[in-house]
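Undergrad: how would this look folded up:
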Amino acid sequence: MISPNIGEDPRPLAKSASGGELSRVMLALKSIFAGGDNIPVLIFDEIDAGIGGKTAEQVAKKLKKLSGVHQVICITHLPQIASFADAHLKIEKGVNKDRTHVRVQSVEKDKRVVEIARMLSGDTTDVSLKHARELLKKGSRN
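TA: Now for the predicted structure:
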């Protein structure tokens, strides 16, 4: 049973939680039991669904802390979450000769700044690059 919002009656988790909420509940549980389980890798998908801003930053901090005792893989579209990661992979899908292809590349250093800026605004501008550097600086402090 879960009551995701103040003032709501508890309801069965399976009936009331979206995919993103389920991921965040799992993050909460794994944060509590981090030292006591033997699961080496945790994968979170859609953990960023329906959140942004300050909530995204709090989720990023929890993921970062959890990564101290588990390998954490997180699929995210939010720069707030991506900026806290120790490693950043960019995944792109495209079609070539009537076939879908997936390309995965590591983004590091200046390329990572550009990718975070792209995540923020869709392209890179002086403002988005400055904001990306700020997010990456914040993420590296935590």
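
Undergrad: from here on, contacts and neighbour counts on C-alpha atoms
TA: Fine.

Undergrad: Provide the backbone phi and psi angles at G36.
TA: G36 adopts backbone torsions of phi -110, psi 0, taken as degrees, to the nearest 10.

Undergrad: neighbours around it, how many?
TA: Neighbour count for G36, taken as other C-alpha atoms under 10 Å: 9.

Undergrad: ditto for G53
TA: 11.

Undergrad: Quick one: residues contacting it.
TA: By C-alpha atoms under 8 Å, 6 or more residues apart in numbering, the residues touching G53 are Q80.

Undergrad: If we use 10 Å, what do you get?
TA: If you count contacts by C-alpha atoms under 10 Å, 6 or more residues apart in numbering, G53 has them with L78, P79, Q80, I81.

Undergrad: close enough to count as contact, the first one and G122?
TA: No. In this structure, L78 sits apart from G122 without contact. The criterion is C-alpha atoms under 10 Å, and the distance is 11.9 Å.

Undergrad: circling back: now the contacts of G53: which count as buried?
TA: L78, P79, Q80, I81 (16 or more other C-alpha atoms under 10 Å).

Undergrad: L29 versus the first one, what's the distance?
TA: Remark: distance between L78 and L29 (C-alpha to C-alpha, to the nearest Å) = 22 Å.

Undergrad: Would you mind putting the CA coordinates of the longest helix seen in the chain into PDB?
TA: In the chain, taking DSSP state H as the definition, the longest helix is helix 126-141. Presented in PDB, the C-alpha positions along helix 126-141 are these (Å, rounded to 0.1, in the frame of the first residue of the first chain):
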ATOM      1  CA  ASP A 126      26.100  30.200 -24.500                       C
ATOM      2  CA  VAL A 127      23.400  30.200 -21.900                       C
ATOM      3  CA  SER A 128      22.800  26.400 -22.100                       C
ATOM      4  CA  LEU A 129      26.500  25.700 -22.000                       C
ATOM      5  CA  LYS A 130      26.900  27.900 -18.900                       C
ATOM      6  CA  HIS A 131      24.000  26.100 -17.200                       C
ATOM      7  CA  ALA A 132      25.400  22.700 -18.200                       C
ATOM      8  CA  ARG A 133      28.700  23.600 -16.600                       C
ATOM      9  CA  GLU A 134      26.900  24.700 -13.400                       C
ATOM     10  CA  LEU A 135      24.900  21.400 -13.300                       C
ATOM     11  CA  LEU A 136      28.000  19.300 -13.800                       C
ATOM     12  CA  LYS A 137      29.800  21.300 -11.100                       C
ATOM     13  CA  LYS A 138      26.900  20.700  -8.700                       C
ATOM     14  CA  GLY A 139      26.800  17.000  -9.600                       C
ATOM     15  CA  SER A 140      30.500  16.500  -9.000                       C
ATOM     16  CA  ARG A 141      30.300  18.000  -5.500                       C
END
